[in-house]
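Novice: Pasting a predicted model and its sequence here:
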Amino acid sequence: MPNKDYINLDYYAFGMEMPGRKWTASDYRFAFNGKEKATEINEGDFDFGDRILDSRIGRWLTWDKLREKYPFISPYNFSLNKPITFMDPDGRVVTPADSKSKTLYNNLKIALQNSKDEKAKVMLCQLETLEKNPEVNYVIHAEKDIPFHEGDDGVKGITRFNWSESTEQNAIVDIYINKNTDKNPSEAYEALGDEITTAYQFNEGDIGFAEVMTDDRDPNPNKSVSYDSKDEYKSKVGSSTAIDALNELGENKYEKTPDIQNVSDIEKSSMTESEKNKAIDEKLTPAWEKSGYELNTESNGKTRKAEDARSVSEDIKGKNMSATTKKIVYRQDNKNGNKETVIKTKN
């Protein structure tokens, strides 16, 4: 049986509750797609952030601010009238998704919304920031092979910029979760927590991505930029936070992998910030390096694996691009104090 704070609901495709198909022992505010109920007008309304959805008819109560992106359909439609195929996170940008992606994402969001942990609250704010960015569409793929890592179960997740379909005004960042993690759901949620944190790091301008020339030794044209061991540590704290939130909501059925448990132990210890950094450099980074992570370290400027990353990182500070680099992308503050996407192409 679920615990006293847990709810189970079955919905029709557009979010209307199925009669007699729910149980709960508490007044549960969040339901369909992890959205808060908004019953001031209609019983079946949900607040998606930018607009209110009437789940009874599958329509928004107001029209789409980004309706020029979808001139072929009514500005009141929800998920292009295909809620099984598409996600509409906040009533603006529609995100293609498979059913596994939607399940992972919604379960994690509901857990974060109901967690009392401060780190979970921070992660929820990060997730909602990604949802509401009108310039960058973050797309989760949990039923596809990870590009250039097909059949490699050692890679649980990865975040990459979609160079072929992106512009500065409408950029796409792909978040891949290894499709074989369904054999171990804990790993799927760890990977999702990790990659949401990485996507947020890009969104806030802490890291970037590069498209590079490829060769036989490394055919992958995508490289992370300015991604160091401290960034990797933060992303693994995201993994730990996701598992903690899910266990807080449910029945403690998710176990952390040893790598994430090591990070969790350091994060929850009484260490000072300098002691944590020393533990990261001495205890965690060597193991990550041995596993082939593409990391730079701020402390000594060494490039862990890809020489391209250091050169591209320097370019963001105004220096020349590496000869192997074709494009770089990062986020920076504009004159209005907001973040904007910048794509630089090598001349």
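Specialist: Good, I have the coordinates.
Novice: I'd like to check which residues are in contact with Val263.
Specialist: 233, 236-237, 239-240, 284 (Cβ atoms under 8 Å, 6 or more residues apart in numbering). Quick note: C-beta positions are derived from backbone N, CA and C, even for glycine.
Novice: nearest to Lys109, of those residues?
Specialist: For these, the minimum distance to Lys109 (Cβ to Cβ) is 15.7 Å, reached by Ser239.
Novice: since we're on the closest one, how many residues are nearby?
Specialist: 28 (other Cβ atoms under 10 Å).
Novice: and the gap between it and Ser264?
Specialist: 9 Å (Cβ to Cβ, to the nearest Å).
Novice: now Pro219
Specialist: Relative to Ser264, and taking Cβ to Cβ, Pro219 is found at 35 Å.
Novice: More neighbours: these two, which one.
Specialist: Under the neighbour definition other Cβ under 10 Å, Pro219 and Ser264 were set side by side, and Ser264 has more, 18 against 8.
Novice: C-alpha coordinates for stretch 329-347, PDB please?
Specialist: The C-alpha trace of stretch 329-347 is given here as PDB (Å, rounded to 0.1, in the frame of the first residue of the first chain):
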ATOM      1  CA  VAL A 329      27.500  27.600 -28.000                       C
ATOM      2  CA  TYR A 330      27.000  29.000 -24.500                       C
ATOM      3  CA  ARG A 331      24.600  31.300 -22.600                       C
ATOM      4  CA  GLN A 332      25.500  34.700 -21.400                       C
ATOM      5  CA  ASP A 333      23.900  37.800 -19.900                       C
ATOM      6  CA  ASN A 334      22.500  40.300 -22.400                       C
ATOM      7  CA  LYS A 335      22.000  44.100 -21.900                       C
ATOM      8  CA  ASN A 336      18.700  43.500 -20.200                       C
ATOM      9  CA  GLY A 337      20.300  41.200 -17.600                       C
ATOM     10  CA  ASN A 338      18.700  38.100 -19.100                       C
ATOM     11  CA  LYS A 339      20.500  35.000 -20.400                       C
ATOM     12  CA  GLU A 340      20.700  34.600 -24.200                       C
ATOM     13  CA  THR A 341      22.100  31.800 -26.400                       C
ATOM     14  CA  VAL A 342      25.300  32.600 -28.300                       C
ATOM     15  CA  ILE A 343      26.500  30.400 -31.200                       C
ATOM     16  CA  LYS A 344      30.000  31.200 -32.500                       C
ATOM     17  CA  THR A 345      31.100  29.800 -35.800                       C
ATOM     18  CA  LYS A 346      34.800  29.600 -36.700                       C
ATOM     19  CA  ASN A 347      35.700  31.900 -39.500                       C
END
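Novice: How about residues contacting it?
Specialist: 135-136, 161, 166-169, 171, 202-205, 207-210, 225, 315-316, 321, 325-328.
Novice: Go through those residues and flag which are in strands.
Specialist: Among the contacts of stretch 329-347, the ones falling in strands (DSSP state E) are 136, 161, 171, 208-210, 225, 325-328.
Novice: what stretches of this protein score poorly on pLDDT?
Specialist: 1-14, 20-34, 66, 68-70, 72, 80-87, 89-97, 251-252, 290-323, 346-347 (pLDDT under 70).
Novice: Need the residue closest to the centroid of it.
Specialist: Ile196 (2.4 Å; Cα atoms, centre = their mean).
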